[in-house]
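# starting from these lines, generate the structure:
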Amino acid sequence: MTTVVRTVTVVIMELDLPLARGALDAMTTMREKSTISQILNDGPAAFHGLVDGEVSNIRLFFLDSTGSVGLIPSGDGLHVFSVPASCASLFSFPIDEGDAALIGRTGNGVAYIAIALPTGQEDALEETLGESGQSEGICDLSWHSVRRVGHLLSDDDSAMTTAASALLFWRAATSFCARCGAAVRPTGCGWTVTCSQCDHIEYPRQDPAVIVAIVDDDERLLLAHNSGWKTGYYSLIAGFMEAGEAPERAVAREVREEVGLDVRQVRYQGAQPWPFPRSLMLGFTAHVTGGHDSEPDVRPDGSEISDAAFYSRDEFAQCLRDGRIIASGPTAIAHGLIEQWFGGPYLHLQQGTRSADARAH
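Below you'll find the model as predicted:
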């Protein structure tokens, strides 16, 4: 009797997390012991004795009122457009904790402050900097959402812009004290707000959400279409964690609620912030029993999920080529999980589209 032994080679890819990169020094002691105004007035000397190491320079970068970041081309990617902190005196609008935040210090000793521009000030910014001689790169300045271009940024730029986006969206939604309802004032170098009446301090928050790449016995991946997404866009099952819920339990609950499947072997893969406005995406893989010979009973809930099915790697690739599926873009954690399953890049297969925007994940 002849025994046939099949050898299966499994390629394990590191999960690509474009918004979980960089190693900025947050210099958190500055939040209690200084202010944006003091830092701008004193320059690098403001940090002496308050942080370890030297701050060699301070630079400003900018976000518009929608949360888009001012960027300039850099090789095959994009780079944060920044100017020396001395330029702060040129602007017609004040810069303080109300519209600025100390983001952190890079490895070369440069401290960065994010400035949220008042509505409609983008052109005025460019004009002011051009007239002052700080025009290097400004002719190439454009405004982009980090959710669309985060993968094109360097590690430090990704960390800076992700933090700045999170703070901008949080501040826009935080005008009153959660304890007494009075107005709040910005404090902590842009990282806190303090109640004007009861002095209660509030901090930025992130809402944890789980997202899961589910495979069956034939290593097919479950892709689903949310009824709120654009036609043809498919991604992974995801949802917010509930109060007191462990992430793995949230995975099992969301999958059962949205597509009627019971998963097992739930394994954590990685996480990244998704500050649009304030999510923290926790990525998982999971397994469901069944395959070609015994199809898993996928039952979309018909409310949130309108369609869902398992795809082999070949089927997935063909659907991308045919334009039947638009898959998650490169900044989303869903993209990293799908790429990990697929065994390599897939967006180049996508028919007639650039990198798809991850609408929800």
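# which residue ranges of this structure form helices?
Ranges of helices within the chain are 29-33, 36-42, 122-132, 146-149, 155-172, 247-259, 313-322, 333-342, based on DSSP state H.
# mind listing what's buried in the longest one?
Within helix 155-172, the residues that count as buried by 16 or more other C-beta atoms under 10 Å are 156-171. Yep, even glycine has a C-beta here, placed from its N, CA and C like the rest.
# per-residue confidence averaged over that helix?
What helix 155-172 shows for mean pLDDT is 96.
# report all helices and strands that it contacts.
strand 57-63, strand 69-74, strand 77-80, strand 100-105, strand 110-116, helix 146-149 (3 or more C-beta pairs under 8 Å, 6 or more residues apart in numbering; DSSP states H and E).
# identify each buried residue in stretch 301-317, please.
In terms of neighbour count (16+ other C-beta under 10 Å), stretch 301-317 has its buried residues at Glu304, Ile305, Ala308, Ala309, Phe310, Tyr311, Glu315, Phe316, Ala317.
# now stretch 19-30
Leu19, Ala20, Arg21, Gly22, Leu24, Met27, Met30.
# repeat that for stretch 27-44.
Met27, Met30, Arg31, Ser34, Thr35, Ile36, Ser37, Ile39, Leu40, Pro44.
# same deal with stretch 191-208?
Trp191, Thr192, Val193, Thr194, Cys195, Glu202, Pro204.
# quick one, what contacts the third one?
With C-beta atoms under 8 Å, 6 or more residues apart in numbering as the criterion, the residues that contact Val193 are Arg171, Thr174, Val184, Arg185, Pro186, Thr187, Ile201, Glu202.
# mind running it again at 6 Å?
Thr174, Val184, Pro186, Glu202 (C-beta atoms under 6 Å, 6 or more residues apart in numbering).
# what's the answer for the second one, then?
Shown in contact with Thr192 (C-beta under 6 Å, 6+ apart): Ile201, Tyr203.
# just the fourth one next, same as before
By C-beta under 6 Å, 6+ apart, the contact list for Thr194 reads Arg185, Thr187, Ile201.
# dump those to CSV, plus pLDDT.
Converted to CSV, the contacts of Thr194 look like this (pLDDT from 0 to 100):
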residue, pLDDT
Arg185, 95
Thr187, 96
Ile201, 97
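# returning to that earlier point: just the buried residues of helix 155-172 now: which is nearest Asp123?
Leu168 (19.6 Å; C-beta to C-beta).
# what about that closest one, distance to Asp42?
Taking C-beta to C-beta, to the nearest Å as the measure, Leu168 and Asp42 are separated by 25 Å.
# Thr35 and Ser196: what is the separation?
17 Å.
# select from the helices of the chain the stretch with the lowest mean pLDDT.
Of all those, helix 122-132 has the smallest average pLDDT, which comes to a mean of 84.
# how big is the angle separating it from strand 57-63?
Angle, helix 122-132 to strand 57-63, by axes from the mean of the first three to the mean of the last three C-alpha atoms, to 10 degrees: 150 degrees.
# ok so, going back, out of the buried residues of stretch 301-317, what pair is the most spread apart?
Pairwise distances across the buried residues of stretch 301-317 (C-beta to C-beta) peak at 27.0 Å, for the pair Glu304 and Ala317.
# export the buried residues of stretch 19-30 as TSV, with columns for distance to Val259.
Formatted as TSV, the buried residues of stretch 19-30 follow (distance: C-beta to C-beta, whole Å):
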residue	distance to Val259
Leu19	27
Ala20	27
Arg21	32
Gly22	35
Leu24	39
Met27	45
Met30	47
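# picking that back up, which one of the buried residues of helix 155-172 sits closest to Pro277?
Phe169 (3.8 Å).
# could you tell me how many residues sit around Ile58?
The local packing of Ile58 (other C-beta atoms under 10 Å) involves 23 other residues.
# ok, the nearest residue to it once chain neighbours are set aside - contacts?
Among residues not flanking Ile58 along the chain, Ala85 sits closest, at 3.9 Å (C-beta to C-beta, 6 or more residues apart in numbering). Contact analysis of Ala85 by C-beta under 6 Å, 6+ apart lists Leu40, Ile58, Leu60.
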